[in-house]
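Enquirer: Sequence unavailable; structure follows:
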């Protein structure tokens with residue numbers, strides 16, 4: 001009886017640990033992705049390459065960027081001076097997370 005209870009307890013704890021790990025792995029840290037891929041040229045939402053194109057809401061609107069989809073499109077096919085990020089380097093999921101982070105963070 002003691003062995004059965006111990007086995008069931010260990011299995012339950014193991015299942016809980018695997019479930020908790022899956023939850024944390026499914027979430028993306030958009031800020032970390034921004035820091036990894038974008039912050040070198042866009043520190044604090046600025047733009048060290050082209051001062052006229054920072055990431056604040058007003059500048060984005062002026063440059064035709066209105067949604068996260070516009071930001072992702074710009075990441076995939078940028079203008080002069082910006083690094084092109086294809087799907088191999090930044091997945092669609094990562095790109096969307098970064099774009100939403102930009103819209104939320106740099107007002």
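Expert: Thanks, I have it. Quick caveat: nothing in here was measured; it's all calculated off a predicted structure.

Enquirer: Strands along this structure, start to end?
Expert: Counting by DSSP state E, no segments of the chain form strands.

Enquirer: low-scoring stretches of it, by residue?
Expert: Low-confidence segments of the chain (pLDDT under 70): 1-26.

Enquirer: So which residue is smack in the middle of it?
Expert: Centroid check for the chain by Cα atoms, centre = their mean gives residue 30 as the closest residue, at 2.9 Å.

Enquirer: Could you check how far that one is from residue 103?
Expert: 10 Å (Cβ to Cβ, to the nearest Å). Heads up, the C-betas are built off the backbone N, CA and C, glycines and all.

Enquirer: returning to that earlier point: the residue nearest to the centre of the chain contacts residue 93, doesn't it?
Expert: No - using Cβ atoms under 8 Å, residue 30 is not in contact with residue 93; the gap is 10.3 Å.

Enquirer: neighbours of the residue nearest to residue 31 when sequence neighbours are not counted, just the number please.
Expert: Nearest residue to residue 31, sequence neighbours excluded (Cβ to Cβ, 6 or more residues apart in numbering): residue 101, at 6.0 Å. Residue 101 has 22 neighbouring residues, counting by other Cβ atoms under 10 Å.

Enquirer: Let me see the contact set for residue 101.
Expert: Contacts here follow Cβ atoms under 8 Å, 6 or more residues apart in numbering; on that basis residue 101 touches 30-31, 33-34.

Enquirer: Same question for residue 94.
Expert: 28, 33.

Enquirer: cool, and residue 37?
Expert: Listed by Cβ under 8 Å, 6+ apart, the contact set of residue 37 reads 85, 89-90, 98.

Enquirer: Among those residues, name the buried ones.
Expert: When these are checked for burial by 16 or more other Cβ atoms under 10 Å, the buried set is 85, 90, 98.

Enquirer: and which of those is nearest to residue 57?
Expert: Ranked by distance to residue 57 (Cβ to Cβ), those are led by residue 98 at 15.9 Å.

Enquirer: where does that closest one sit relative to residue 29, distance-wise?
Expert: Residue 98 is 10 Å from residue 29, by Cβ to Cβ.

Enquirer: ditto for residue 45
Expert: Taking Cβ to Cβ, one finds residue 45 at 17 Å from residue 29.
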